[in-house]
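Asker: using only what follows, build the 3D model:
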Amino acid sequence: GRALAKRGRGKAPKGSNKGWSSRGRPPRGSGRGFEDWEVENLKKGIEKYGYGNWKKIIGSFQFRPERTNESLKDLYRNIEKREAKERKERRKLEPPKPRGDFDISPPTSEEKERLASQAR
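Answerer: Model prediction:
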């Protein structure tokens, strides 16, 4: 309670932290979005070094100086989510595929004869 307020953990004076949290982070959403060329470099890096090798990717391809291993990982996770959602949407638009192991094409003349002889 009161002991915390006496140690300076109370409310900061208005405008003193300029929108930053008390933990030294910028306000949520204040970071700059990734440019298209950064996304392309990330994809090339993953193709070359594999998923999870963020340090190699960030060292071998060009990114803005404020990008970190974690920001690349987060971007890739979001790309994967977006692409999965797009795949799901495309599947909704496609006609359903028949299930099971059967042929839906019309019978050939040989099959018609065979079916006719079986019916007799």
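Asker: same for the lengthiest helix in the chain, what does it pack against?
Answerer: In the chain, taking DSSP state H as the definition, the longest helix is helix 69-93. Here helix 69-93 touches helix 36-49, helix 54-60, going by 3 or more Cβ pairs under 8 Å, 6 or more residues apart in numbering; DSSP states H and E. For glycine as for every other residue, the C-beta is placed from the backbone atoms N, C-alpha and C.
Asker: next SSE downstream of it?
Answerer: Using DSSP states H and E, the helix or strand that follows helix 69-93 towards the C-terminus is helix 109-119.
Asker: now that next one, how far from the chain's geometric center?
Answerer: Averaging C-alpha positions (Cα atoms, centre = their mean, to the nearest Å) puts helix 109-119 54 Å from its chain's average.
Asker: please apply the same query to stretch 110-120.
Answerer: That offset, for stretch 110-120, works out to 55 Å (Cα atoms, centre = their mean).
Asker: need the contact partners of it.
Answerer: residue 107 (Cβ atoms under 8 Å, 6 or more residues apart in numbering).
Asker: distance of residue 116 relative to residue 37?
Answerer: 67 Å (Cβ to Cβ, to the nearest Å).
Asker: over to residue 62?
Answerer: The gap separating residue 62 from residue 37 is 8 Å, by Cβ to Cβ.
Asker: surely residue 72 touches residue 55?
Answerer: No: in terms of Cβ atoms under 8 Å, residue 72 does not count as a neighbour of residue 55; the distance is 9.3 Å.
Asker: neighbour count: the two, which is higher?
Answerer: Neighbours were counted for residue 72 and for residue 55 using other Cβ atoms under 10 Å; residue 72 has more, 23 against 12.
Asker: check contacts around residue 76.
Answerer: Counted by Cβ under 8 Å, 6+ apart, residue 76 has contacts 42, 46, 51.
Asker: distance of the last one relative to residue 36?
Answerer: Translated: residue 51. As judged by Cβ to Cβ, residue 51 and residue 36 stand 21 Å apart.
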